[in-house]
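> Sequence plus the predicted model coming up.
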Amino acid sequence: MRYNMSLSDQPEFDTVKGFLDEGEGRRLYELALSASKYAPCLEIGSYCGKSTLCLGLACKENGSALFSIDHHRGSEDHQPGEAYFDPALIDLNTFQIDTFQTFRQTIRKSELENTVIPIVSRSQTCARYWQIPISLLFIDGGHSFRDVFVDYQAWVGHLLPDGYLLFHDIFKTPDKGGQGPYHVYQLAMASGLFKELPTTNTLGVLQRRSLADAPNVSTLNTKEGSS
Ligand SMILES: C[S@@+](CC[C@H](N)C(=O)[O-])C[C@H]1O[C@@H](n2cnc3c(N)ncnc32)[C@H](O)[C@@H]1O
């Protein structure tokens, strides 16, 4: 993948380990380019830095910043014996997954060290102390309903009006994939606080309504609205 920006000297998207496809990566870039003019962006779940690369390059263009949170110990399905286990990511001193070294290489090679602010932490722990308004929140950490719900609940209050709320791995039916992100996406929609924008593959995109853009009850998915 090559971006048509001043980025021809950046490492190829395809060389970074991760779970985004090219269309999703480009959409992340475009949304962050629009949002980061107003405030920093924040992602939960950096892994080896693939989404970080897309979001970070956009933030860099605006002289903004990307907070990138991950405990770097991998999700459940990255552990030995699970579907997405990668033995190259085992730290041979601890025999645990450690994606932080690879992540640092990605941001160093992409010249994003002055843009991306890595936070090595459980997202919920970090959220307890957070006070900075953000213009874009990308949720791609743990994928169980509970994990996604906790991330949504802990962070969404920091998202500015008109800011973007993004979920990776939105599968509308269980035969396509896990339902945790999709169920939280639906809860966010039911809150009335967000407008739904077109998805890109499995990237769900919501935009926080501004105060002047309160929904009419007839457009909400409520008993009152649908009667
Ligand atoms: C699906 S991967 C993220 C993929 C990445 N966004 C990409 O573009 O390749 C999920 C990541 O979330 C991290 N993670 C899972 N639960 C977390 C939590 N509670 N707090 C912080 N990071 C978490 C894992 O360590 C893992 O690296």
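The structure has been received and is ready for your questions. Numbering: from 1, shown residues only.

> for the ligand, what are the nearby residues on the chain?
18-20, 44-45, 47, 50-51, 69-75, 99, 122-123, 140-142, 147 (Cβ under 6 Å from any ligand atom). Placement of C-beta: from N, CA and C, glycine included.

> Which among those residues count as buried?
Among the residues of the chain next to the ligand, those buried by neighbour count (16 or more other Cβ atoms under 10 Å) are 18, 20, 44-45, 47, 50-51, 69-75, 99, 122-123, 140-142, 147.

> So which of those residues are in strands?
Members of those lying in strands (criterion: DSSP state E): 44, 69-70.

> Return the member of the residues you listed nearest to the ligand.
Among those, Asp70 lies closest to the ligand (Cβ to the nearest ligand atom), at 4.3 Å.

> my guess is that closest one contacts Thr102, does it?
No. Assessed by Cβ atoms under 8 Å, Asp70 is found out of contact with Thr102, at 11.2 Å.

> Near His143, how many other residues are there?
20 (other Cβ atoms under 10 Å).

> Quick one: list the elements packing against the helix ranked longest in the chain.
Across the chain, the longest stretch assigned as helix under DSSP state H is helix 22-35. With contacts taken as 3 or more Cβ pairs under 8 Å, 6 or more residues apart in numbering; DSSP states H and E, helix 22-35 sits against helix 50-61, strand 134-139, strand 159-167, strand 194-200, strand 203-208.

> quick one: strands adjacent to the last one?
Partner strands and pairing direction for strand 203-208 (DSSP bridges) are strand 159-167 (antiparallel), strand 194-200 (antiparallel).

> Give me the residue ranges of this protein where confidence is low.
Applying pLDDT under 70 to the chain flags residues 1-11, 219-227.

> Not counting its neighbours along the chain, what's nearest the residue of it found nearest the ligand?
Here the chain gets closest to the ligand at one residue, Gly18, 2.5 Å apart by Cβ to the nearest ligand atom. Once flanking residues are discounted, Gly18 sits nearest to Lys50: 2.8 Å by Cβ to Cβ, 6 or more residues apart in numbering.
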